[in-house]
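A.B. asks: make a model of this:
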Amino acid sequence: MKSASTATAQTAVEAGGSGLLWNRNLSWEQREQNARERYAHGLLGPLPLPESATTPDAVASERTSRQPWMGGESSFFATCMNPDCRTNWLRLWRRRQVPRFEGQWACSPACMEVFISAAVLRELNSDMPWAPQPHRHRMPLGLILLGQGIISEEQLRQALDAQRTSGKGRIGLWLMRQSGLSEDRVTRALAQQWGCPLYQVTAHQPESVATLVPRLFLDSYGMLPLRVAGGKVLHLGFEDRIQSAAALAIARMTGLRIETGVVPSTQFLRAHERMMDAAYPRTVLTEASSAQSAIGKITEAVERIRPHAARLVRLHQYLWLRMWRTPVTAGDARSSAAQDAPGAPLPVPRIHQVEDWLCRYSVHDDAVGYQ
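C.D. replies: All right, here's what the predicted structure looks like:
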């Protein structure tokens with residue numbers, strides 16, 4: 001016959017009638033395995049709702065709070081994703097459901113810092129240059145117009161001389177001034193030079209795309225988000241040169257496919273001015289002179305906001321951290337890891353749903369990557 005202490009130690013208590021047995025002698029690894037097996041075989045039903053959830057709205061709110069990123073109640077049985085973590089805490093027994101970072105859940109700030117450290121070093125050591133690079137076309141714009149018979153050699157020579165004398169101004173502008181070329185002619189040749197389409201700004205609604213990119217980037221790199229087609233493709237316009245690095249950073253952050261094109265200068269300036277006056281998500285600017293400083297600041301921001309999702313990309317000298325304050329309401333039932341993973345497409349966020357955190361990284365002469 002078992003002793004009273006042994007019987008007490010081996011007592012199993014059913015949790016909410018779900019069939020999940022709690023044994024004080026089980027280690028966290030055994031409890032996790034027990035929960036996974038029972039859930040996999042359908043023996044573990046939905047967790048009981050609290051007595052305070054008496055109305056349909058309260059029930060919906062409680063169920064939503066149990067889905068950190070539309071991951072369903074099964075996400076409770078995930079453990080810390082830090083491979084070096086030794087706590088083996090299940091979400092079911094830990095109240096910390098957020099923050100999440102790039103599809104990863106961490107049981108503590110220390111484990112979250114491990115994820116952020118890897119992401120920061122990944123971005124700092126990427127191939128993206130630290131500043132926009134000049135682009136040399138195989139065919140200059142003047143020669144394209146000359147080859148099409150739109151201008152003569154004398155008109156091109158006069159425009160080049162005027163540009164050289166003034167020391168400023170694009171060749172297309174000088175041709176428009178001196179030879180009377182239309183803006184449409186010059187812009188079409190510019191689109192041919194870049195090998196991209198010509199966009200016309202019609203029915204542009206800045207509020208519908210203002211949540212995709214921070215205002216600072218639109219102003220610094222001369223971009224104009226035009227529209228999102230089918231929830232999958234973002235048409236991004238430029239005035240005179242395509243900023244490929246900026247387009248790549250936006251694609252990685254939003255998961256949208258980016259189609260770039262040139263916009264006639266007059267239309268671009270008017271639309272860009274309206275774009276600057278639009279309302280944008282809250283943006284925090286800061287600076288870091290070392291990787292450790294950037295890691296610490298980003299970790300602090302993530303732990304303070306406690307986002308349901310967060311992503312980090314670099315655009316030249318800026319580390320761009322975007323945090324989703326609320327779960328994304330998508331039309332499918334993908335897992336939390338699938339939706340939050342880097343590169344996965346996300347719906348266009350609402351203005352109060354996200355917060356941007358921009359860290360300008362000071363690059364020293366001997367700095368490439370980790371400092």
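A.B. asks: just the helices in the stretch 251-371 of the chain please.
C.D. replies: If DSSP state H, counting those that start in this stretch is used as the criterion, the helices of the stretch 251-371 of the chain fall at 265-276, 291-305, 336-340.
A.B. asks: only alpha carbons, please: show the first one as PDB.
C.D. replies: Right, helix 265-276. Listed next in PDB are the C-alpha coordinates belonging to helix 265-276 (Å, rounded to 0.1, in the frame of the first residue of the first chain):
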ATOM      1  CA  SER A 265       7.700  65.200 -62.600                       C
ATOM      2  CA  THR A 266       4.800  67.600 -62.300                       C
ATOM      3  CA  GLN A 267       2.400  64.800 -61.200                       C
ATOM      4  CA  PHE A 268       5.000  63.400 -58.800                       C
ATOM      5  CA  LEU A 269       5.600  66.700 -57.000                       C
ATOM      6  CA  ARG A 270       1.900  67.400 -56.500                       C
ATOM      7  CA  ALA A 271       1.200  63.800 -55.300                       C
ATOM      8  CA  HIS A 272       4.300  63.700 -53.100                       C
ATOM      9  CA  GLU A 273       3.300  66.900 -51.400                       C
ATOM     10  CA  ARG A 274      -0.100  65.500 -50.600                       C
ATOM     11  CA  MET A 275       1.600  62.300 -49.400                       C
ATOM     12  CA  MET A 276       3.700  64.300 -46.900                       C
END
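A.B. asks: ranking the helices of the stretch 251-371 of the chain by burial, who's on top?
C.D. replies: helix 336-340 (a mean of 21; mean count of other Cβ atoms under 10 Å). Where you see a C-beta, it was placed from the backbone N, CA and C, and this is true even at glycine.
A.B. asks: so for that helix, mean pLDDT?
C.D. replies: Mean pLDDT, computed over helix 336-340, is 50.
A.B. asks: do the same with stretch 164-176
C.D. replies: Here the average pLDDT along stretch 164-176 is 88.
A.B. asks: flag the shaky bits of this protein, pLDDT-wise.
C.D. replies: 1-79, 87-95, 328-343, 364-371 (pLDDT under 70).
A.B. asks: go again using 50 as the cut-off
C.D. replies: The chain contains residues with pLDDT under 50 at 1-24, 28, 39, 42-50, 59, 62-76, 92-93, 331-338, 365-371.
A.B. asks: in CSV: the helices of the stretch 251-371 of the chain, plus distance to Leu181.
C.D. replies: Shown next, in CSV, are the helices of the stretch 251-371 of the chain (distance: least, Cβ to Cβ, whole Å):
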stretch, distance to Leu181
helix 265-276, 12
helix 291-305, 47
helix 336-340, 49
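A.B. asks: among these, which is nearest Ser220?
C.D. replies: With Cβ to Cβ as the measure, helix 265-276 is the member of the helices of the stretch 251-371 of the chain nearest Ser220 (11.7 Å).
A.B. asks: what helices or strands is that closest one leaning on?
C.D. replies: helix 183-194, helix 206-209, helix 215-220, strand 223-229, strand 233-238 (3 or more Cβ pairs under 8 Å, 6 or more residues apart in numbering; DSSP states H and E).
A.B. asks: send me the longest one as CSV with only the CA atoms.
C.D. replies: As requested, C-alpha coordinates have been extracted for helix 183-194 and formatted as CSV (Å, rounded to 0.1, in the frame of the first residue of the first chain):
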residue,chain,number,x,y,z
GLU,A,183,7.4,66.3,-70.1
ASP,A,184,5.6,63.2,-71.4
ARG,A,185,8.4,62.7,-74.0
VAL,A,186,11.2,63.0,-71.5
THR,A,187,9.4,60.7,-68.9
ARG,A,188,8.8,58.0,-71.5
ALA,A,189,12.4,58.0,-72.4
LEU,A,190,13.3,57.9,-68.8
ALA,A,191,11.1,54.8,-68.3
GLN,A,192,12.8,53.2,-71.3
GLN,A,193,16.2,54.0,-69.8
TRP,A,194,15.3,52.3,-66.5
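A.B. asks: what's the angle from it to helix 265-276?
C.D. replies: Calculated by axes from the mean of the first three to the mean of the last three Cα atoms, to 10 degrees, helix 183-194 forms an angle of 80 degrees with helix 265-276.
A.B. asks: counting contacts, what elements does helix 183-194 pack onto?
C.D. replies: Looks like helix 183-194 contacts helix 141-147, helix 171-179, strand 257-262, helix 265-276 (3+ Cβ pairs under 8 Å, 6+ apart).
A.B. asks: of these, which is nearest Gln155?
C.D. replies: From the helices and strands packed on helix 183-194, taking Cβ to Cβ, the stretch that ends up closest is helix 171-179, at 4.5 Å.
A.B. asks: TSV for the helices and strands packed on helix 183-194, including distance to Ile351?
C.D. replies: Putting the helices and strands packed on helix 183-194 into TSV (distance: least, Cβ to Cβ, whole Å) gives the following:
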stretch	distance to Ile351
helix 141-147	39
helix 171-179	36
strand 257-262	21
helix 265-276	14
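A.B. asks: out of these, which is closest to Ser108?
C.D. replies: strand 257-262 (36.4 Å).
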